[in-house]
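*Asks:* I would like the atomic coordinates for the input below:
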Amino acid sequence: MKVTITQENLNHGLTTVAKIAQQRGSLPILSHVLLKTVDNQLFIAATNLDIAMSEVIGAKVDREGSITVPARLMQDYISSLPKGQITLELDGTNLHIKTSDKNYTSTLNGTLSDDFPAMPEVSSGKSISVSAKELVGSLGRVLFCASHDDSRPVLMGVYMHSDDKGDVYVAATDSYRLAQCKTSIQSKDPVSLIFPSAALQELLRVAKSEDEKVVITYDEQQAVFQVGSVEIVTRLIDGTYPEYQKLLPSSFETTAQLSREDFHEVVKISSLFAREAAGGVTLHFSEDDNALSIKSIASQVGENTATAEAKIDKDAQITMNSRYILDALGAFSGDKLLVQVNGKLDPCVLSDPSDKEYIHLVMPVKS
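*Replies:* A predicted model of the protein is given here:
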């Protein structure tokens, strides 16, 4: 193999792909990246067996070939080189790297590419096409609600599903909070997929251009995300996602409408006093005072009450985790917010009165 490529392109490809490689694991080959010539281009790939990522970049190929090299060393070294042309030349399992000005030369000990796991493929499956801006926006509003507890694997992913109208939603929950976002995707075929959170984090990392399209191809076991020249393959989480829609109340006894910024400020201040109380804060809805007040008590530190003006139709009280509320508020962008409850033992629902596509539910803390 002999390839000439720009430092900028090679560095971009390695930065995109090498993060997938395992630095510590039972299989040393998983800490490597695969370099392979394909149709006068350089194919770069890495996998941890759960997720595989690859990118094809332009190059001048003088001799075909393939090799795997340590991912972290290769990435760090190439990123440190000056901009310009780089030549990669393979001699057995030794990869010689030279810059065009010949100020830098090095040799990396590689491993035969035959030992590298085969990149998974979805040869036949259904496809969904969506703009990167739309998909990243929708996933970013729900992904943080996915669970980190591996005792319930289905909750460690994001659930993409369609309704009987063909509208597609994404949702995530860790059983303490829940977020649902309606996407702009329309699907003729029923959709029911659980994507691992780790794979979606990588997708959000690479799908940055608002003009790009993301093509999702899937079968019963895995899915492929194609973003420009980057391809991410992931296993789907096997299992049945909880019927979370049953948790969404159809009506509310108490509704407060207030400034999102004001609510964020009072929750943030109250959360400082709630640190020793596992983050618990109590929300008091006062119809007569037109105010939503938040009280937090820490026996060793003191107590705090913060109040925001609000339009309230009925008195109510509920205790919730302040961190969950702050996380939820970060997913809203409008000026106004609706905070709706049915009592201190039922979930609280946050929504934007001008945006019906997104809702966030927080379970109460039993006080």
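*Asks:* Give me the domain ranges for this structure.
*Replies:* Using automatic domain parsing, the domain parsing of the chain gives 2-115, 126-246, 249-362.
*Asks:* List the pairing partners of the host helix or strand of Met53 within its sheet, with orientation.
*Replies:* In this assignment (DSSP states H and E), Met53 forms part of strand 51-58. Using DSSP bridges, the neighbouring strands of strand 51-58 in the sheet come out as strand 41-47 (antiparallel), strand 230-235 (antiparallel).
*Asks:* Let's have those strands in JSON lines, adding mean neighbour count.
*Replies:* Where C-beta positions appear, they are placed from N, C-alpha and C, glycine not excepted. Putting those into JSON lines (neighbours: other Cβ atoms under 10 Å) gives the following:
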{"stretch": "strand 41-47", "mean neighbour count": "23"}
{"stretch": "strand 230-235", "mean neighbour count": "22"}
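*Asks:* Now these in TSV, please, with extra columns for mean pLDDT and distance to Gln23.
*Replies:* Output for the strands paired with strand 51-58, formatted as TSV (pLDDT from 0 to 100; distance: least, Cβ to Cβ, whole Å):
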stretch	mean pLDDT	distance to Gln23
strand 41-47	96	11
strand 230-235	96	19
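*Asks:* nearest to Ala274, of those strands?
*Replies:* strand 230-235 (37.0 Å; Cβ to Cβ).
*Asks:* Can I get the closest one as CSV, trimmed to CA atoms?
*Replies:* As requested, C-alpha coordinates have been extracted for strand 230-235 and formatted as CSV (Å, rounded to 0.1, in the frame of the first residue of the first chain):
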residue,chain,number,x,y,z
VAL,A,230,-19.3,8.7,7.5
GLU,A,231,-21.1,5.5,8.3
ILE,A,232,-22.1,4.3,11.8
VAL,A,233,-23.4,0.8,12.3
THR,A,234,-24.9,-0.3,15.6
ARG,A,235,-26.8,-3.2,17.0
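*Asks:* chain center to that strand: distance?
*Replies:* Chain-centre distance of strand 230-235: 14 Å, with Cα atoms, centre = their mean, to the nearest Å.
*Asks:* Downstream of it, the next helix or strand is which one?
*Replies:* Reading on from strand 230-235 to the C-terminus, the next helix or strand found by DSSP H and E is strand 254-259.
*Asks:* what angle separates the very next helix or strand once past that next one from strand 254-259?
*Replies:* For strand 254-259, the following helix or strand on the C-terminal side (DSSP H and E) is helix 260-273. Between the axes of helix 260-273 and strand 254-259, defined by axes from the mean of the first three to the mean of the last three Cα atoms, to 10 degrees, the angle is 100 degrees.
*Asks:* Pull out the buried residues from helix 260-273.
*Replies:* Of the residues in helix 260-273, Arg260, Asp262, Phe263, His264, Val266, Val267, Ile269, Ser270, Ser271, Phe273 count as buried by neighbour count, 16 or more other Cβ atoms under 10 Å.
*Asks:* Now do that helix, average pLDDT.
*Replies:* For helix 260-273, mean pLDDT rounds to 94.
*Asks:* Which secondary structure elements does the helix or strand just after it sit against?
*Replies:* Tracing the chain past helix 260-273, the next element assigned as helix or strand by DSSP H and E is strand 280-286. Taking 3 or more Cβ pairs under 8 Å, 6 or more residues apart in numbering; DSSP states H and E as the contact definition, the neighbouring helices and strands of strand 280-286 are helix 260-273, strand 291-298, strand 316-321, helix 322-329, strand 336-341.
*Asks:* which stretch among these comes nearest Ala71?
*Replies:* helix 322-329 (32.2 Å).
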